[in-house]
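1. Okay, structure incoming, though there's no sequence with it:
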């Protein structure tokens, strides 16, 4: 990574997911757990930038990514990791790598939708609509009333668009480019993960 990207998380994220998309689109489609968990770890600071509304997501996401990073020392690819959990009959047990992978996938998808909405709402300094729409689309269907209520209240404490850009150390124009880059690169990665779960008859709504 170039020195100019230091302290600029959006650039690191877009670069890592371009590489991940290239892996997913390769003939073998073998995604190393280490490469995947590293790319996902770069997304973690974004949740922190969104404040209390996504504190639950930050804590959960970081823990799940850390688990996958540890798994990378003993498991080669995501496919092998899922197959091992299937063999051990522990796929849907709390703490399983496969269950954690599904949660991480939702985090990536939420950020994808959030960036789409931020780009679409150019000129609006409030992040409430983009954040609310991304939460409602990705996370809300899997959360109980208490968490949904807490998130709704936290939406009033979101940073403004200029504040978020300052936290990310980016100008508006550059941030838009990097966000769109992530949207484009993450789509095939998320599709790959969905197909991985579905091909094993595991479903994606649990």
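-> Perfect, I can see it now. Note that the structure is predicted; figures quoted are calculated from it, not measured. Numbers count the residues shown, from 1 in each chain.

2. Ramachandran coordinates for residue 77?
-> The phi/psi pair for residue 77 (degrees, to the nearest 10) reads phi -120, psi 170.

3. Assess the claim that it and residue 29 are in contact.
-> No: the criterion here is Cβ atoms under 8 Å, and residue 77 misses it with residue 29 at 9.2 Å. Bear in mind the C-beta positions are built from the backbone N, C-alpha and C, glycine included.

4. Of these two, give the one with the bigger neighbour count.
-> Higher neighbour count among residue 77 and residue 29: residue 77, with 19 against 14, using other Cβ atoms under 10 Å.

5. The nearest residue in space to the more buried one that is not next to it in sequence: how many residues sit nearby?
-> Of all residues not flanking residue 77 in the chain, residue 30 sits nearest, at 4.8 Å (Cβ to Cβ, 6 or more residues apart in numbering). Look at residue 30: counted by other Cβ under 10 Å, it has 13 neighbours.

6. does residue 30 count as helix, strand or coil?
-> Of the three states, residue 30 takes coil under DSSP: H, G, I helix; E, B strand; the rest coil.

7. for it, what are its contacts?
-> Contact analysis of residue 30 by Cβ atoms under 8 Å, 6 or more residues apart in numbering lists 23, 76-77, 79.

8. same thing with residue 127?
-> Contact analysis of residue 127 by Cβ under 8 Å, 6+ apart lists 50, 118, 158-161, 164.

9. Nearest to residue 19 among those?
-> Closest approach to residue 19 among the contacts of residue 127 (Cβ to Cβ): residue 118, at 23.2 Å.

10. Look up which helix or strand that closest one falls in, please.
-> If you go by DSSP states H and E, residue 118 is part of helix 97-120.

11. Can you list the low-confidence ranges for the protein?
-> Scanning the chain for pLDDT under 70 picks out 1-6.

12. Kindly list the longest helix within it.
-> For the chain, the longest helix by residue count, based on DSSP state H, is helix 172-199.

13. For that one, name the packing helices and strands.
-> On a contact count with 3 or more Cβ pairs under 8 Å, 6 or more residues apart in numbering; DSSP states H and E, helix 172-199 meets helix 9-24, helix 78-87, helix 97-120.

14. between those, which one is nearest to residue 133?
-> For those, distance to residue 133 was read as Cβ to Cβ. The smallest value, 5.2 Å, belongs to helix 97-120.

15. so after that closest one, what's the next helix or strand?
-> Using DSSP H and E, the helix or strand that follows helix 97-120 in sequence is helix 128-134.

16. Pull the residues that contact that following helix.
-> Helix 128-134 is contacted by residues 50, 53-54, 110-111, 113-114, 117-118, 120-121, 152, 155-156, 158 when judged by Cβ under 8 Å, 6+ apart.

17. What's the first helix or strand after it?
-> Sequence-wise, the next helix or strand downstream of helix 128-134 (DSSP H and E) is helix 145-154.
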